[in-house]
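Engineer: 3D model of this:
(chains A and B)
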Amino acid sequence: MYPYIPNTSDDEKKMLESIGVDSIEELFSDIPKEVQLGRELNLKESMSELEVEKYITKLSSKNKSINDLTCFLGAGAYDHYIPSIVDHIISRSEFYTSYTPYQAEISQGTLQYIFEYQTLISRLTGMDVSNASLYDGGSAIGEASIMAVNISRKEEIIVSKTVHPESRKVLKTYAHTQGFKVIEIDESDGVTNLEQLKENINKNTAAVIVQSPNFFGIIEDIKSIEEMVHKVKKTMFIVSTDPISLGILKSPGELGADIVVGEGQSLGIPLSYGGPYLGFIATKKKHMRKLPGRIVGESTDVDGKRAFVLTLQAREQHIRRDKATSNICTNQGLNVLASVVYMVTLGKKGLKEVATQSIAKAHYAYDKMIATGKYKPLFNKPFFKEFAITSNMPGEKINDELLKENVLGGFILDENYPQYENGILYCVTEKRSKEEIDKLVSVLEGII
Amino acid sequence: MREYNKLIFELSKEGRTAYKLPKMDVEEVDLKEFVPEEYLRDEELDFPEVSEVEVIRHYTNLSNKNYGVDTGFYPLGSCTMKYNPKINENMARLDGFANIHPYQPEETVQGALKLMHELDEALCELTGMDKMTLQPAAGAHGELTGLMLIKAYHEKRGDTKRTKIIVPDSAHGTNPASAAMAGFDTLEVKSTEEGTVDIESLKNVLSDEIAGLMLTNPNTLGLFEKDIKEIADLVHSCGGLLYYDGANANAIMGITRPGDMGFDVVHLNLHKTLSTPHGGGGPGSGPVGVKKSLIEYLPVPVVEKDENRYFLNYDYPNTIGKVKDFYGHFGVLVKTYSYILTMGKDGLKKASEIAVLNSNYVMSLLRDDYYLPIDTIYKHEFVLGGLKEENLEVKTLDIAKRLLDFGFHPPTVYFPLIINEALMIEPTETESKETLDKFANVLKQIAKEAIENPEIVKEAPHNTPVRRIDETKAARKPVLKYEG
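Structural biologist: I've put the predicted structure just below:
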């Protein structure tokens, strides 16, 4: 017997009788012999809960977590504080064992938290509308580009090399299959090269994608870029951003973005070795019918009661099939709920405090590192919670030494940015204490 | 409690808080020193101010207005709403899994890589494929990835005129949408009266422009495509590849495998077949498996093993690239592996057997009261075409809504498109005979009501937190956020 299969052999017998067959095998008699497996699967025998727990826990213990190590690694996935109530709420099985809210009458819980999410993301990004989320930051950039190509009816996407390298790779994969062109703009001193950008924007440009704070943690000159982009008719300005930074930074919406995207992992979602995370996308009202994915709207039921429902479904695959705005069926459901709980728990003051502590601590760490005289800044630009440092020693060597002291060092830059040999991108969030930062710097000082 | 009707924004009161951070232990500074003033927010974020107690009560109240597999029976066809084992949740939350960073040095994440490698091997064995990518975030994302692989395969051979993907008319809407997303045109082939692919119709569309065929087997009617070998041979002989949509894989575990049927690319929905929760719409996971000839195109990185360690291999010169940030929905992969270990080779096969038994059993109970368009043995799901009694005012939508009053989640309705008034019922293996009996009895009662008291059905639901919602209003004048 198996704990998740309730029927007994007596039940089976009665059910077979009702169907009018003699055996379970008979129910599979329509499968031609030549494609039947005809042997057991080459997998382990079923295990008890205790055995499974032991085996998997043993695997997990081969990893070193950010509770074993002090984390100064970011680069798109961040060690921010997650209030304990987040996991308590997403562990309610009425939420996590439910399906996409097609049956609105018994899905008001899901629909309402998505509506609250759309409200929070719209307010955070300064945009009119948000969808119910996408897979992650990278696919949000891919989907935003497709949206821009469809709206502008133009086929060139310009992306700055200061956009996350993983996201740019995802964008290229999407672009290749969709048949639009991607042009990358170099960076200089850690920010988008504005002259090169200006030279490349023309009437064929569907959109320009910039990230701010960018991959190096630097705040880009969004105002100048926005002016450049919007000089060309119908060219769209896509800004990717760190939602935590918006606790203190002006929203991309206020700065003239047409579409705002980003990775929402920082909003209460554990690092979990890279996923599942949360991609957000928000835009102006006039483009809402071009948004990919699920959207929830407010309406009323037959008794006039406020109620929420999936809406604008004429964009979607289950209605439009090959004419849909995207093939996406899911949103990140439970991670949306985690981000909602995070955002309302931190609330008006909290996100600002998280952002303020992060920027202050990052600058404290930066100043201390530079003060050693052994580490130099790669760039001289305003940054948020990440900054790039170089030295005369290879990044791997530095990180190995840090690891010996149970410190998880920064992101090594040269694989993605070969021009920055020995460059390391450090991240400091509100979770790091002065003591931990001092330890990092003292180990670093001892290495060289 | 179900009357609760507040938005979190309506609970906000200045001065309340639900969090507390440690005091800043570095020097307080003026933000203007770090950031040019023009890039600093001038107004405070318009987020609510609530206490922790209110946050918990608010979302607990919302959860009471939701229905999950843990609440009751969820016979949603093609969605495989099986029970989500609790041990899996615990395993994904282990510190060594939940709290590792994707860019940690490989030597500090050997357990995670080993798990991914073992899961890859297990899924290959389950599907009869040679290598998997665990990156795709969901089923539709798996389809997109699989089609990109097919495209790359033809492109590498210089076979660039293959721009068309064949999709049966019974296919999920995602199939043609994914094909379009991957830059293909779709060609639809008809189904026969018996509900399977019409071989003649297929032959008519085959040409050297065909990149591939997408098929679900058993198909969306719950029927096994018996001619699968012939279909595979036909498509292969014209130079196309076969894509297996794994939405219905819960019918075949340990019994037959897509790889043995002739499929070249397969995706599995871990949130369907392998028990991970649907989470109200995600996150899912849609790994894609391929035959040897397509391995070189897989998205990078690929998890591999040398003599004494596991590593992420980016050295695939012909890769389609990256389809996702990082390596996939790792947390979902942990849950999946926990399930595979729990069930084992014996349990997985048993699951499919009982899923098929349960489906045929419910069909046998309902065939007298509901129209069964195709009278045969089904796999894990079956499709009814509304009530048997003709010319009634009660439609499938009404039946679905009336089921809500009896505490059941309705089946999938109006899909597949080729059956009028379709009710697509997938009980899964995790339901008892008692539950199935009760469900069938309720459906029989609704059939009776449809004749004797149609109004009660047409006005249903009566007992839900909200009743039928004005969808037209929602779409015509969209209110997509709280404006208060």
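Engineer: okay, now the domains of chain A?
Structural biologist: For chain A, automatic domain parsing gives the domain ranges A:70-81+A:348-447, A:84-341.
Engineer: switch those over to CSV; also include mean pLDDT.
Structural biologist: CSV is the format used below for the domains of chain A (pLDDT from 0 to 100):
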stretch, mean pLDDT
domain A:70-81+A:348-447, 97
domain A:84-341, 95
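Engineer: pick the most deeply packed of those domains.
Structural biologist: Of all the domains of chain A, domain A:84-341 carries the top mean neighbour count, a mean of 23, counting by mean count of other Cβ atoms under 10 Å in any protein chain shown. Glycine gets a C-beta too; all of them are placed from N, C-alpha and C.
Engineer: now the terminal residues of that one, how far apart.
Structural biologist: Start and end residues of domain A:84-341 are separated by 10 Å (Cα to Cα, to the nearest Å).
Engineer: how far is it from where the chain is centred?
Structural biologist: Put simply, domain A:84-341 sits 10 Å off its chain's centre (Cα atoms, centre = their mean, to the nearest Å).
Engineer: now do the helices in the chain.
Structural biologist: In the absence of a named chain, this looks at chain A. Assigned by DSSP state H, the helices in chain A fall at A:9-19, A:49-60, A:84-90, A:93-96, A:108-125, A:137-152, A:165-178, A:194-200, A:222-230, A:317-320, A:333-371, A:395-404, A:434-447.
Engineer: chain B is the one I meant
Structural biologist: For chain B, the helices defined by DSSP H cover B:52-63, B:86-92, B:95-98, B:110-127, B:139-156, B:174-181, B:199-205, B:228-237, B:258-261, B:330-366, B:396-405, B:433-452, B:454-458, B:471-476.
Engineer: returning to that earlier point: how about the domains of chain A, which one is nearest chain B?
Structural biologist: Chain B lies closest to domain A:84-341 among the domains of chain A, at 2.8 Å (Cβ to the nearest Cβ).
Engineer: contact residues of the stretch 151-300 of chain B facing chain A?
Structural biologist: B:151, B:172-174, B:176-183, B:185-186, B:223-224, B:226, B:228-229, B:252-257, B:260-261, B:275, B:277-285, B:299 (Cβ under 8 Å from any Cβ of the partner chain).
Engineer: how many neighbouring residues does B:Met261 have?
Structural biologist: Using other Cβ atoms under 10 Å in any protein chain shown, B:Met261 has 24 other residues around it.
Engineer: isn't A:Ile151 right up against A:Lys290?
Structural biologist: Yes. Counting by Cβ atoms under 8 Å, A:Lys290 is a contact partner of A:Ile151 at 5.6 Å.
Engineer: most packed of the helices of chain B?
Structural biologist: Greatest average neighbour count among those goes to helix B:174-181 (a mean of 28), per mean count of other Cβ under 10 Å.
Engineer: just the angle between that one and helix A:165-178, please?
Structural biologist: Going by axes from the mean of the first three to the mean of the last three Cα atoms, to 10 degrees, helix B:174-181 is angled at 100 degrees with respect to helix A:165-178.
Engineer: need the helices of chain B in TSV with mean pLDDT and distance to A:Val86, can you?
Structural biologist: Listed next are the helices of chain B as TSV, based on pLDDT from 0 to 100; distance: least, Cβ to Cβ, whole Å:
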stretch	mean pLDDT	distance to A:Val86
helix B:52-63	98	10
helix B:86-92	98	14
helix B:95-98	98	12
helix B:110-127	98	22
helix B:139-156	96	25
helix B:174-181	91	30
helix B:199-205	95	50
helix B:228-237	98	46
helix B:258-261	98	38
helix B:330-366	98	14
helix B:396-405	97	30
helix B:433-452	98	33
helix B:454-458	97	41
helix B:471-476	93	29
